[in-house]
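>>> here is the input, now give the coordinates:
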Amino acid sequence: MHLFYSPVIDTDYFTLDHEESRHCVKVMRLRAGDEVFLTDGMGGWYKAEIADPNPKSCILRINEKRTIPNPRSGRLHLAVAPTKNIDRFEWFLEKATECGIDEITPVICDHSERTIVKAARSEKVIASAMKQSLRAWLPTLNPAIPLNTFFKIGQRSQKLIAHCSDGNKKQFQEVYNKGGNAVVLIGPEGDFSHQEIEQAITIGFQPISLGNYRLRTETAALAVCVSFNMLNGY
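Residues are numbered from 1 along each chain as shown. Below you'll find the model as predicted:
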């Protein structure tokens, strides 16, 4: 199955952009009449065929449209500090998308060694992972913001913070309300500062543990994704 993505698909004939056209015709070697699929990343799923296999502007004929409901009853929002090595953060974006995460916010913390995340590249990684895993829902990627700014955003979800400092912490699976929405904070390589942890707890974030071993930022974030899916039967 060959899947392409566009946020807007509103005509019976759709033209892939230059990059997708080249990939379709030159790399995949698809020809006129071959069946392909499109998604708008919001549950729209389109069956199409290649009408004009132009490597610069490949035209597709839309033959069928249906809506795929989001299978997740609960939403997972991860606020994750970008890693110093951007490849590790992009690995997390890719794998979290494959797991079906709903929302991601890069947060800049006191101990962050990376303060800039290129949104265009991150969005490309996420879109590619969505297509690779044949999903119809694109996760929301928010702009990178300081953690203090994130704290000011009202959260109606269950609020959890995973950190490495000592304290009374339960496992994620012990405190997460199955079937509900959750926002989970994951800190940078140097962990959250003591002040950040105290501030989070003051505004209602519950401290959690992800096990007995120290995990990398991207590993901890993905562990939450996997646990969330298992607890909700996804």
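
>>> can you list the weak-confidence ranges in the chain?
Counting by pLDDT under 70, the chain contains no low-confidence residues.

>>> for it, just list every one of the strands.
For the chain, applying DSSP state E gives strands covering 3-5, 13-15, 35-39, 44-52, 59-67, 76-80, 103-108, 140-141, 145-146, 158-162, 170-171, 182-186, 206-209.

>>> give me the contact list for the third one.
Strand 35-39 has contacts (C-beta atoms under 8 Å, 6 or more residues apart in numbering) with 1-6, 9, 14, 24, 30, 44-50, 60, 62, 130-131, 135-136. In short, each C-beta sits where N, CA and C put it, glycine included.

>>> buried subset of the residues you listed?
Among those, the ones that count as buried by 16 or more other C-beta atoms under 10 Å are 3-6, 9, 14, 24, 30, 44-46, 48, 50, 60, 62, 130-131, 135-136.

>>> dump the strands of the chain to TSV, plus distance to Lys124.
What follows is the strands of the chain, written out as TSV (distance: least, C-beta to C-beta, whole Å):
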stretch	distance to Lys124
strand 3-5	10
strand 13-15	19
strand 35-39	15
strand 44-52	20
strand 59-67	21
strand 76-80	18
strand 103-108	14
strand 140-141	10
strand 145-146	21
strand 158-162	28
strand 170-171	35
strand 182-186	22
strand 206-209	31
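
>>> the nearest residue to Tyr46 once chain neighbours are set aside and Glu19: what is the separation?
Distances taken as C-beta to C-beta, 6 or more residues apart in numbering place Leu38 nearest to Tyr46, at 4.0 Å, with adjacent residues excluded. Distance, Leu38 to Glu19, using C-beta to C-beta, to the nearest Å: 15 Å.

>>> equivalent analysis for Cys99, please.
26 Å.

>>> again with Glu196
40 Å.

>>> same deal with Ser227?
Ser227 is 35 Å from Glu19, by C-beta to C-beta.

>>> these two: which is more packed in?
Neighbours were counted for Ser227 and for Glu19 using other C-beta atoms under 10 Å; Ser227 has more, 17 against 9.
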